[in-house]
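K.L.:
pasting the structure only:
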């Protein structure tokens, strides 16, 4: 089991460029999440998905779009990158949502926007 | 949203037990108490969670106060690899959306 994997591990973008971050999980989990973590801070939820074909906004969704076309994959897109989106991005998944279940996290993608 | 309060940092000596406290005075009856840790340059890692009773697993123990307004994560024998930021999080059993709110956590240093 690879668990939760993220691609790429590092990326540098210029302001205005676009990119897509890929998250994959092999645990057959229903729920998937995208977080961002700024230096010295905790994680903040960007978007999440409660199942294939569904997405919902989290705490900081502006400037990001997501898609969940397959159960095992959750994509995070930046259409026009801004320096404020420089951060480390983490994907997570859980078998079922709700507080009784733990989340499993990927290793992160470090994104720098210049 | 229910919130937690943790010390900013703690120190421990290697091979000694560590008790990491968390206060959550506004906890509701359906909130589970979760603990995650984040090693340097890695994603958060699940440690343990519980509702009312104390819980043990291979990584740690979770002691929950009788009134549930506080809890303690216990690492029985700290190693250098346990140096990390530890997050205490309340997650509502019935919230299927934005449920995990990560605060700044407690930075644990382990001294050899």
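P.N.:
Thanks, I have it. It should be emphasised that the depicted structure is a prediction, and the values quoted were computed from it without experimental measurement. Residues are numbered from 1 along each chain as shown, chains lettered A, B, ... in the order given.
K.L.:
the residue nearest the centre of chain A bridge partners, please.
P.N.:
Centroid-nearest residue in chain A, with Cα atoms, centre = their mean: residue A:34, separated by 2.8 Å. Here residue A:34 sits in beta bridges with residue A:47, residue A:91, as judged by DSSP bridges.
K.L.:
test my guess that it contacts residue A:88.
P.N.:
No: under the criterion of Cβ atoms under 8 Å, residue A:34 is not in contact with residue A:88, lying 11.7 Å apart. Glycine gets a C-beta too; all of them are placed from N, C-alpha and C.
K.L.:
how about the strands of the chain, start to end?
P.N.:
Going with chain A. With strands called from DSSP state E, chain A shows them at A:4-7, A:10-13, A:19-25, A:31-37, A:43-49, A:56-57, A:65-67, A:73-78, A:87-94, A:104-105, A:109-113.
K.L.:
if you could check chain B rather than the one you did, that'd help
P.N.:
So, for chain B - with DSSP E - the strands run B:9-13, B:18-23, B:31-38, B:45-50, B:55-56, B:61-64, B:70-75, B:84-92, B:106-111.
K.L.:
among these, which is nearest residue B:100?
P.N.:
strand B:84-92 (5.4 Å; Cβ to Cβ).
K.L.:
which residues touch residue B:62?
P.N.:
Residues near residue B:62 by Cβ atoms under 8 Å, 6 or more residues apart in numbering or on different chains: B:33, B:35, B:48, B:49, B:50, B:54, B:55, B:56, B:71, B:72, B:73, B:74.
K.L.:
quick one: pLDDT of the fourth one?
P.N.:
So that's residue B:49. The model reports residue B:49 with a pLDDT of 96.
K.L.:
that one and chain A: what is the separation?
P.N.:
According to Cβ to the nearest Cβ, to the nearest Å, residue B:49 and chain A sit 6 Å apart.
K.L.:
quick one: name the residues of chain A near chain B.
P.N.:
Residues of chain A lying near chain B by Cβ under 8 Å from any Cβ of the partner chain: A:4, A:31, A:33, A:35, A:40-45, A:48, A:50, A:56, A:58-59, A:90, A:92, A:97-100, A:102-108.
K.L.:
and the residues you listed, which are buried?
P.N.:
A:4, A:31, A:33, A:35, A:42-45, A:48, A:50, A:58, A:90, A:92, A:97-100, A:102-108 (16 or more other Cβ atoms under 10 Å in any protein chain shown).
K.L.:
per-residue pLDDT, residue B:1?
P.N.:
Residue-level confidence at residue B:1 comes out at 52, pLDDT.
K.L.:
sorry, wrong one. I was asking about residue A:97.
P.N.:
81.
K.L.:
go on, the one 10 residues further on?
P.N.:
We have a pLDDT of 96 for residue A:107.
K.L.:
quick one: stretch A:60-77 to chain centroid distance?
P.N.:
Relative to its chain's centre, stretch A:60-77 lies at 7 Å (Cα atoms, centre = their mean, to the nearest Å).
K.L.:
shaky segments in chain B?
P.N.:
Residue ranges of chain B with pLDDT under 70: B:1-2.
K.L.:
need the residues of it near chain A, please.
P.N.:
Going by Cβ under 8 Å from any Cβ, the residues of chain B near chain A are B:30-32, B:34, B:41-46, B:49, B:51, B:87, B:90-105.
K.L.:
any chance of a ChimeraX selection covering the buried ones in those?
P.N.:
Restricted to buried positions by 16+ other Cβ under 10 Å, the ChimeraX selection for these reads:
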select /B:30,31,32,34,43,44,46,49,87,90,91,92,93,96,98,99,100,101,102,103,105
